[in-house]
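Participant: Structure here, sequence nowhere to be found:
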């Protein structure tokens, strides 16, 4: 493949990722990665993670970049609430990872990390959009609510009540799903108490 043929393909991939180029996206197009690296060497794109590059003028999408670096992480708790638009800010990012998972990025950035067994990690994961429009992995709102009910020390009392009221009295509410995740997270009694107090 000639560089003039590669150029529009890679620029299209960058546009789709809102200013980012992922080598895995290139390979999915059956383009050899070495061609992408040759193309990158003639640009001003910056490396932000292994196999991940960003335009210089691109505002950093920290959630997207974090998951490019920590490939097994899932946004949870307060970060998941932010992604589901249940709160409008977060003071720190919270991720859930498999027990024993280690990455220096976690220590360097002061990220709150929840470790769980692998069989508990995957249920409830879905792709959602970051504020920059990139897809990131987070727990669905039902698992997130079960987690928040189980351990709500990341929220102020007013935030906690507002989140509960919105869920239980809004279109997202699914008591069967909430109860399922409550059971899985060993928080059945707390979830039942929350259901009875707010329904």
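Facilitator: Perfect, I can see it now. Just so we're clear, the structure is a prediction, and the values are computed from it rather than from any experiment.
Participant: May I see the buried residues of whichever helix in the chain runs longest?
Facilitator: Secondary structure of the chain per DSSP state H: the longest helix is helix 3-16. Neighbour-count burial for helix 3-16, counted by 16 or more other Cβ atoms under 10 Å, picks out 6, 9, 10, 13, 14. From N, CA and C alone the C-beta is placed, and that goes for glycine too.
Participant: Run through who's touching stretch 162-176.
Facilitator: Stretch 162-176 is contacted from outside by 81, 86-87, 141-142, 145, 148-149, 155, 194-195, 198-199, using Cβ atoms under 8 Å, 6 or more residues apart in numbering.
Participant: domain assignment for the chain?
Facilitator: Per automatic domain parsing, the structural domains of the chain span 3-54, 62-198.
Participant: Export those domains as JSON lines, with columns for mean pLDDT.
Facilitator: Below are the domains of the chain laid out as JSON lines (pLDDT from 0 to 100):
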{"stretch": "domain 3-54", "mean pLDDT": "91"}
{"stretch": "domain 62-198", "mean pLDDT": "91"}
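Participant: ranking the ones you listed by burial, who's on top?
Facilitator: Of all these, domain 62-198 carries the top mean neighbour count, a mean of 17, counting by mean count of other Cβ atoms under 10 Å.
Participant: ok, which stretches of the chain are strands?
Facilitator: With strands called from DSSP state E, the chain shows them at 20-22, 46-49, 52-54, 74-75, 94-98, 112-116, 125-129, 135-139.
Participant: From the contact counts, what lies against the last one?
Facilitator: Contact partners of strand 135-139 among helices and strands, from 3 or more Cβ pairs under 8 Å, 6 or more residues apart in numbering; DSSP states H and E: helix 62-69, strand 74-75, helix 77-83, strand 125-129.
Participant: so how far is the first one from its chain's centroid?
Facilitator: From the chain centre to the centre of helix 62-69 is a distance of 8 Å (Cα atoms, centre = their mean, to the nearest Å).
Participant: what sits up against it?
Facilitator: Contacts of helix 62-69 (Cβ under 8 Å, 6+ apart): 20, 22, 48-52, 54, 73, 75, 79, 83, 93, 95, 103, 105, 109, 111, 130-132, 134-137.
Participant: rerun at 10 Å
Facilitator: Residues from elsewhere that reach helix 62-69 (Cβ atoms under 10 Å, 6 or more residues apart in numbering): 17-20, 22, 24, 48-52, 54, 61, 73-75, 79, 82-83, 90, 93, 95, 103-106, 109, 111, 128-138.
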